[in-house]
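Trainee: Using only what follows, build the 3D model:
(chains A and B)
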Amino acid sequence: MPVGTLASVKGVSQDLLEELGAEIILSNTYHLFLRPGVEQVRALGGVHRFMSWDRPILTDSGGFQVFSLSAMRKLTEDGVEFRSHLDGSKKFLGPEQAMEAQIGLGADIIMAFDECTEYPAERSRVKESMELTLRWARRSKDYFEAHKGEVPWGGVPSCRLPVASEGRGQGSVGSEELAVLHSAWTGEGARPHTGGAATQALFGIVQGGMEMDLRRESAERTMEIGFPGYAMGGFSVGEPRELSRDVIAATLEHLPADKPRYLMGVGTPEEIVYYAKLGVDMMDCVLPTRAARHGLLFTSEGRINIKGARYAGDEGPLDPKCGCKVCGRYSRAYLRHLYVSNEVLATVLNTVHNLSFYLDTMRSVRHAIRLGA
RNA sequence: GCACAGGUGGCCGAGCGGUUAAUGGCAGCAGACUGUAAAUCUGCCGCUCUCCGGAGCUACGGAGGUUCGAAUCCUCCCCUGUGCA
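Mentor: Down below sits the predicted model:
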């Protein structure tokens, strides 16, 4: 899932995203809550209509911002008081507020409000954080159940949620499943906000740091609360890669294979393949888009730092094996020139390529799963 | 010709007697980036070696001088800008 924090996948337009075959994108509650504000988005018909995106959207609850903006927040049982990074004003987000906001934004999949535990952390701290996330999960669900009809498109539930395919280790939400979603919406020219067949789906989030038993406990107790999909949060926060690999693999074992299992914030092309093989169904990561803006491009030959002087005279395509329109048309020399010259087009082309590479990678993974490979 | 103001490392520009190989910025080179406060951040950036701790050269227009010590003060010269003739 490409990440579009502010209802925009940085650098690419919605029609480019569609062309790239992005089937679902992420957006962020905290950021939209600050600007333009949930009520504004609601008044404009919800985030789909606001950004003109007919395909699924998942909003993160703001739980990650509890972590990433930790320097400017105050955490209590009730939630988190933030100092807005935009104007310094005080803002409050707790499970109820995060649900209210996400219902108001109207994404297809919304996330429970959690605390993304930092790394490293003492076991006692991890436990405490996990317990808080569990209490918040309960409150998120309670609020959601009571208010889930209050979506911005007029109370008519519209969205279906992705279903994992059968079988452990093969559970990717595939393009076919998502295509069903699209046709449900677009087949009759209907948009999510104008009517459909399902409601928003609220996913729970498993925490527990790098403690295997706490991960298991978190998974089991989150499942007791009961969600249509489960996320694993708290990874990619600076821990050694092998450690997250082990903990993720172990956590996955305790989550139901017949429900979407979502690994939050991961990863590199190698990692997404690895985790998909393990049975992870959904992943999101800012890496392809951010790296693109910073001139780091993912190719079949590895990573390329396009600003390197060694590409100044390189007439070859960025990735000879890539079928994207950037690789089909422009040379490395030109891409380097655009980047070095600070041209806006550099961001666009680099992002198109990286997303293309990621989405192609996932298409291959799905294909392999279908073949039973 | 006269009067001011200046000439600093690839460029711009601080410094105006000693922790100065010389603040910054730009350009250049390399690296990082994983539920986005990120078109961001980090390192290198006179030359030559280095056991990466450092060592040695050459440097603030030029030439002299003052001083224990000068990019910084003095003298002369060269050049640039502005103004007046």
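Trainee: Measure how buried residue A:344 is and give me the count.
Mentor: 9 (other CB atoms under 10 Å). Using the backbone N, CA and C atoms, a C-beta is placed for each residue, glycine as well.
Trainee: How about the one 5 residues further on?
Mentor: With neighbours defined by other CB under 10 Å, the count for residue A:349 comes to 27.
Trainee: Same question for residue A:251.
Mentor: 25.
Trainee: correct me, but it touches residue A:213?
Mentor: No - using CB atoms under 8 Å, residue A:251 makes no contact with residue A:213, being 10.9 Å away.
Trainee: RNA strand B contacts on the stretch 201-350 of chain A?
Mentor: Contact residues, the stretch 201-350 of chain A versus RNA strand B (CB under 7 Å from any atom of the strand): A:205, A:207, A:231, A:233-237, A:241, A:264-268, A:271, A:284-287, A:289-291, A:293-296, A:303, A:305, A:307-310, A:312, A:340, A:342, A:344, A:347.
Trainee: Just to be sure, which of the residues you listed are found in helices?
Mentor: A:241, A:271, A:287, A:289-291, A:293, A:340, A:344, A:347 (DSSP state H).
Trainee: Using PyMOL, define a selection of the buried residues within those residues.
Mentor: Listed next is the PyMOL selection for buried residues among these, using 16 or more other CB atoms under 10 Å:
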select buried, chain A and resi 271+287+289+291+293+340+347
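Trainee: Could I get the ones in helices among the residues of the stretch 201-350 of chain A next to RNA strand B in JSON lines, plus columns for pLDDT?
Mentor: Below are these laid out as JSON lines (pLDDT from 0 to 100):
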{"residue": "A:241", "pLDDT": "94"}
{"residue": "A:271", "pLDDT": "97"}
{"residue": "A:287", "pLDDT": "98"}
{"residue": "A:289", "pLDDT": "98"}
{"residue": "A:290", "pLDDT": "98"}
{"residue": "A:291", "pLDDT": "98"}
{"residue": "A:293", "pLDDT": "98"}
{"residue": "A:340", "pLDDT": "96"}
{"residue": "A:344", "pLDDT": "96"}
{"residue": "A:347", "pLDDT": "97"}
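Trainee: farthest pair in the ones in helices among the residues of the stretch 201-350 of chain A next to RNA strand B?
Mentor: The largest separation in those, counting by CB to CB, is between A:241 and A:344 at 33.6 Å.
Trainee: Mind checking what helix or strand follows the helix or strand encompassing residue A:42 in sequence?
Mentor: Using DSSP states H and E, residue A:42 maps to helix A:38-43. Later in the chain than helix A:38-43, the nearest helix or strand by DSSP H and E is helix A:47-51.
Trainee: The helix or strand just after that following helix pairs with which strands, and in what direction?
Mentor: For helix A:47-51, the following helix or strand on the C-terminal side (DSSP H and E) is strand A:57-60. Strand pairing for strand A:57-60, using DSSP bridges, gives strand A:25-28 (parallel), strand A:109-111 (parallel).
Trainee: which residues sit in contact with residue A:34?
Mentor: A:84-86, A:91 (CB atoms under 8 Å, 6 or more residues apart in numbering).
Trainee: repeat for residue A:352
Mentor: A:11-12, A:16, A:20, A:324-326.
Trainee: which of those residues are buried?
Mentor: A:11-12, A:16, A:20, A:324, A:326.
Trainee: okay, these in TSV with secondary structure next?
Mentor: TSV is the format used below for those (DSSP: H, G, I helix; E, B strand; the rest coil):
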residue	secondary structure
A:11	coil
A:12	coil
A:16	helix
A:20	helix
A:324	coil
A:326	helix
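Trainee: Pick the one among those residues closest to RNA strand B.
Mentor: Among the buried ones among the contacts of residue A:352, residue A:11 lies closest to RNA strand B (CB to the nearest atom of the strand), at 7.9 Å.
Trainee: quick revisit: which among the residues of the stretch 201-350 of chain A next to RNA strand B count as buried?
Mentor: Looks like these have A:205, A:207, A:231, A:233-237, A:264-268, A:271, A:284-287, A:289, A:291, A:293, A:295-296, A:307, A:340, A:347 buried, using 16+ other CB under 10 Å.
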